[in-house]
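Undergrad: sequence first, predicted model second:
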Amino acid sequence: MITYSEHTLSNGLRVVAHRARGSEMAAVNVLYCVGARNESPEKTGFAHLFEHLMFRGTRDVPDFDAPLHKACAENNAFTNNDYTDYYITLPKENLATALWLEGDRMSGLDITPGKLEAEKRVVIEEYNQRYKNQPYGDMWPLFKALAYKVHPYRWPTIGLTPDHVAGATLGDVEAFYRRFYNPANAVLSVAADVVPEEIFGLAERYFGTVERGRKPDEEIPQEPPQIEARRLEVERDVPSTVIMIAFPTGPRTCREHYAGDILSDILAGGSSSRLYQNLVKNRPLFSSVNAYITGDIDPGLFVVSGNLLAGVSEDDAEQALWGELRAVQNSVIGDRELEKVGNKFEAETVFGELNVMNKAMNLGYYSLLGNPELINGEVAVYRSFTPDELRASASKMFAPEKSNTLIYRSR
């Protein structure tokens with residue numbers, strides 16, 4: 001059970017505090033509600049670019065890392081489809097240092113032409129290494145573009161093309177900063193052996209003077225219902241052919257999301273799962289198989305994939321994957337299968353609670369979703385599913401007319 005207290009500053013910053021009794025370390029997490037989903041098709045990759053810029057210093061603190069090193073702190077950040085997250089762990093005695101630095105760069109970032117050009121080069125090189133200069137590099141971008149036709153999830157977090165980042169002007173990034181980096185569009189979550197009232201006081205001290213701004217109210221284009229199957233086949237110089245099949249799923253907080261997560265574990269959750277036992281071990285068609293959900297805030301994807309063994313027919317392999325999806329729709333899901341999935345999630349939750357940063361991050365994320373109590377309630381949600389409900393979800397989800405199939409063929 002994670003206890004927490006909430007407080008909202010007058011400038012709109014949501015603060016969530018957890019007293020991590022007995023911990024000598026403190027975790028500070030600042031989540032900004034901006035990711036790839038908030039970008040326009042003409043200017044993609046800005047959220048990721050800005051993550052880099054946030055470490056380039058402010059008007060008052062030119063070297064962001066120097067005070068953190070003195071405070072024995074570690075820090076990093078990441079960007080995804082839905083948000084950008086900055087986190088710091090440090091001894092609890094130095095908690096104020098982390099809050100001071102985060103409050104300072106929320107409003108005082110010093111973006112110069114030189115810093116912008118340097119980070120643009122870094123991001124473009126990262127794009128090239130990830131997508132252009134390695135096997136299977138363009139597979140996921142192709143797959144997302146197949147499954148999404150309208151929603152911004154159709155491009156990778158790093159951008160649709162490096163040309164967008166290359167063309168970013170100083171005015172562009174300053175406008176991005178003003179629009180998305182403000183208290184009303186952020187969540188501060190802290191886990192430390194400090195009473196919540198003290199954390200709220202520190203938050204007021206270091207963030208309270210930051211201008212409120214406003215939470216952007218743009219309408220994000222939503223994907224229309226898919227009514228016919230989509231298919232793409234490409235050839236690449238890769239070691240083995242990959243088959244990927246995706247189906248639309250519901251948003252992160254809906255019951256369909258949890259059903260998809262459970263079904264993905266039943267299909268591919270370890271060496272005892274159905275896909276491994278049936279298509280890797282007993283009937284060797286694939287060298288590896290996987291099933292997962294993307295877990296996005298807006299409606300996401302349920303994905304099943306496999307790397308074919310040499311000499312295996314693509315048609316046989318694809319039909320075998322469909323056979324396993326139909327089996328989940330039509331056969332009995334055993335109590336043991338369901339119990340195993342529930343046990344796995346509960347174990348992951350319990351072990352995650354041992355880490356102060358995990359607790360701070362999860363409180364920030366669930367607050368973004370509008371329900372921080374999910375940090376204590378999701379295990380019960382997973383435990384509440386019956387075999388009949390899961391079969392019904394599988395029947396609805398794994399419809400052929402909703403499928404998106406990519407054949408990524410080895411030459």
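TA: Happy to help now that I have it.

Undergrad: ok, now how distant is residue 390 from residue 330?
TA: 12 Å (CB to CB, to the nearest Å). In short, each C-beta sits where N, CA and C put it, glycine included.

Undergrad: residue 283 - how many residues pack around it?
TA: Neighbours of residue 283 under the rule other CB atoms under 10 Å: 11.

Undergrad: contacts only, for it.
TA: Contact analysis of residue 283 by CB atoms under 8 Å, 6 or more residues apart in numbering lists residue 320.

Undergrad: residue 231 in helix, strand or coil?
TA: Following DSSP: H, G, I helix; E, B strand; the rest coil, residue 231 is assigned to strand.

Undergrad: for it, which non-adjacent residue is closest in space?
TA: Nearest residue to residue 231, sequence neighbours excluded (CB to CB, 6 or more residues apart in numbering): residue 405, at 4.7 Å.

Undergrad: next: residue 259.
TA: residue 393 (3.7 Å).

Undergrad: kindly report the same for residue 372.
TA: residue 366 (4.5 Å).

Undergrad: give me the contact list for stretch 339-348.
TA: 262, 265-266, 269, 272, 378-379, 382-383.

Undergrad: strands - which of those land there?
TA: Using DSSP state E, no member of those falls in strands.

Undergrad: pull out the buried members of those residues.
TA: 262, 265-266, 269, 378, 382 (16 or more other CB atoms under 10 Å).

Undergrad: now do residue 343 against residue 337, distance only.
TA: 11 Å.

Undergrad: neighbour-wise, which of the two wins?
TA: Neighbour totals were compared for residue 343 and residue 337, and residue 337 leads with 19 against 12 (other CB under 10 Å).

Undergrad: quick one on the thing from earlier: how far is the helix or strand hosting the residue nearest to residue 259 from where the chain is centred?
TA: For residue 393, the host element (DSSP states H and E) is helix 387-397. Remark: helix 387-397 is offset 25 Å from the chain centroid, using CA atoms, centre = their mean, to the nearest Å.

Undergrad: buried residues in it, which are they?
TA: 390-391, 393-394, 397.

Undergrad: and stretch 400-409, by the same measure?
TA: 402-409.

Undergrad: what lies in contact with that stretch?
TA: With CB under 8 Å, 6+ apart, stretch 400-409 has contacts from 136, 139, 142-143, 146-147, 226-236, 238, 241-248, 301, 314, 318.

Undergrad: kindly report the same for stretch 157-170.
TA: 35-36, 41-49, 79-81, 111, 113, 116, 120, 123-124, 126-128, 130-131.

Undergrad: how's this structure carved up into domains?
TA: When the chain is parsed with automatic domain parsing, its domains come out as 5-207, 230-410.

Undergrad: as a markdown table, these with mean pLDDT and distance to residue 219 would be great.
TA: A markdown table is the format used below for the domains of the chain (pLDDT from 0 to 100; distance: least, CB to CB, whole Å):
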| stretch | mean pLDDT | distance to residue 219 |
| --- | --- | --- |
| domain 5-207 | 97 | 11 |
| domain 230-410 | 96 | 12 |
